[in-house]
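Chemist: heads up, no residue letters with this:
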């Protein structure tokens, strides 16, 4: 048997380093799970899982790239190996094994089983519980539910959904303050949470008079609703416009029209400051 | 303390809408406020006021000093403000039985002897500031309850006139928004012309100073340390922010400086 070339030694060294990285990241995940209380946040768990999975990927790539070399290598102790030291002996025994460690054999068996379950139909998936709605059922529809990850079914859904949504939308009257259901069961029972009386568009002008007086009648400044800056005026054609101020409170019921103030702001402020009645200066 | 102000004139027909808009903007219900305001004018030369008569033990040290400075400085108009409620308007005067009317228990009757007062001093707005807001020195102090004309006269102030201010207060962050108007009392008999009224007329007897019933919108920020330029700048920027927000509704502006001139000539 020839001695190893530097390239082959380098490959072995790389394998060792990557395995060390993997054990490190696994160990850190285990410590964080064991020691942190409460459990680490899911973001950190996820990033650790990503690191481990990347480690596994690189190792797997590396091993398969160098399959020829690694499968033909044979380990044997050189005469200079210090086998007297008991810890070294353990390492030596590990290296000289021809079969896998029993625990590792278990892992490998489990891994093969799990991997086989993911393979398309050939392997049975009976021992894996279905999760999330689209389980191992690549093969077809169970329970009549089409699996969403089937591209054909997905596009079928996309074709179906807009039409159906449109049909559903057409069945409703979107313009008014009340839905059809609410109107059928009587709008008096609807809890709107508003103090102002909502008008019902379907009713004709008769009731609007009442509401107008409801809304405008009191002119109570204490009972403001908290509404936005813009108020949408009602759709009634009879001139019910809520966004025009009803009146200056109670003392001047007649003044609905827009009247510009007669006394300039300066004169009002001057009166408030020194009591000079406007027009007397 | 300093006060930064912006004003706007609000026509009567816009008042209701603006109340709604302000309620939406500030996310609060309007706080209705009714105040009677008495205008006093310093009537003696500064320096002559040497004695302080009246129930001045209510005043604490700092207030006292400030008040003293105000009284002995130049001559100014000052205002005495007393909050009243709707129930006080038109109620019969119960000034005679002081013993019965403990604070808060005087029922529907208006008790002049129990009216609490606040002295509000406002300097003339600062001149020559580049900023587009009205800035003025201000100070307030609480005054003894009851008949305020006597102590004010003793301090060298004479009664000029009085009026009622009706309005609604909103608060948005550090801005106090006061939408108000001035109401005048009906012409008084000769015995009441020289002092504050002891009873208040009913609400419907009050007439707005501005006959069309228009309102004044006042946005104010009070700054404790007027010497802090940074703070004053921040405050005026907040006011400009409000002016932008209300731009489509009202035009908030700096007031004419001379219209807020409180100096007594």
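Modeler: Looks like it arrived, so ask away. Please read all numbers here as calculations on a predicted model, not as lab measurements.

Chemist: Could you use CA atoms for every contact and neighbour count after this?
Modeler: OK.

Chemist: Give me the nearest residue to the residue of the stretch 151-265 of chain B found nearest chain A, chain neighbours excluded.
Modeler: Using C-alpha to the nearest C-alpha, the single residue of the stretch 151-265 of chain B nearest to chain A is residue B:259, 4.6 Å away. Distances taken as C-alpha to C-alpha, 6 or more residues apart in numbering or on different chains put residue A:270 closest to residue B:259, at 4.6 Å, once the chain neighbours are dropped.

Chemist: and the residue of the stretch 151-265 of chain B closest to chain A, how many neighbours does it have?
Modeler: 19 (other C-alpha atoms under 10 Å in any protein chain shown).

Chemist: Verify the contact between it and residue A:266 for me.
Modeler: Yes: using C-alpha atoms under 8 Å, residue B:259 is in contact with residue A:266, at 5.4 Å.

Chemist: Please report phi then psi for residue 41.
Modeler: Let's take chain A. When read as degrees, to the nearest 10, the backbone of residue A:41 gives phi -60, psi 150.

Chemist: wrong chain, I was asking about chain B
Modeler: Main-chain dihedrals, residue B:41, degrees, to the nearest 10: phi -130, psi 130.

Chemist: Could you pull up the contacting residues of it?
Modeler: A:274, B:75-78, B:157-160, B:264 (C-alpha atoms under 8 Å, 6 or more residues apart in numbering or on different chains).

Chemist: Pipe these into JSON lines and attach pLDDT per row.
Modeler: Output for the contacts of residue B:41, formatted as JSON lines (pLDDT from 0 to 100):
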{"residue": "A:274", "pLDDT": "85"}
{"residue": "B:75", "pLDDT": "79"}
{"residue": "B:76", "pLDDT": "84"}
{"residue": "B:77", "pLDDT": "89"}
{"residue": "B:78", "pLDDT": "90"}
{"residue": "B:157", "pLDDT": "86"}
{"residue": "B:158", "pLDDT": "87"}
{"residue": "B:159", "pLDDT": "88"}
{"residue": "B:160", "pLDDT": "88"}
{"residue": "B:264", "pLDDT": "79"}
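
Chemist: Of those, select the buried ones using a PyMOL command.
Modeler: Selection of buried members from the contacts of residue B:41 for PyMOL, criterion 16 or more other C-alpha atoms under 10 Å in any protein chain shown:
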select buried, (chain A and resi 274) or (chain B and resi 75+76+77+78+157+158+159+160)
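
Chemist: now, which of the contacts of residue B:41 lie within helices?
Modeler: residue A:274 (DSSP state H).

Chemist: Of the contacts of residue B:41, which is the nearest to residue A:29?
Modeler: residue B:78 (74.5 Å; C-alpha to C-alpha).

Chemist: Please tell me I have it right and that closest one contacts residue B:118.
Modeler: No: the criterion here is C-alpha under 8 Å, and residue B:78 misses it with residue B:118 at 10.6 Å.

Chemist: If you count neighbours, what's buried in the host helix or strand of residue A:116?
Modeler: Applying DSSP states H and E as the criterion places residue A:116 in helix A:102-118. For helix A:102-118, the neighbour count (16+ other C-alpha under 10 Å) marks residue A:117 as buried.

Chemist: Which element is encountered next along the chain beyond the longest strand that chain B contains?
Modeler: In chain B, assigned by DSSP state E, the strand with the most residues is strand B:157-172. Sequence-wise, the next helix or strand downstream of strand B:157-172 (DSSP H and E) is strand B:175-184.

Chemist: List the neighbouring strands of that next one plus their orientation.
Modeler: Sheet pairing of strand B:175-184 (DSSP bridges) gives strand B:157-172 (antiparallel), strand B:207-208 (antiparallel), strand B:215-223 (antiparallel).

Chemist: Which of the three states applies to residue B:136?
Modeler: strand (DSSP: H, G, I helix; E, B strand; the rest coil).

Chemist: So which residue is smack in the middle of chain B?
Modeler: For chain B, the residue nearest the mean C-alpha position is residue B:81 (5.4 Å; C-alpha atoms, centre = their mean).

Chemist: Now do it, the pLDDT please.
Modeler: The model reports residue B:81 with a pLDDT of 92.
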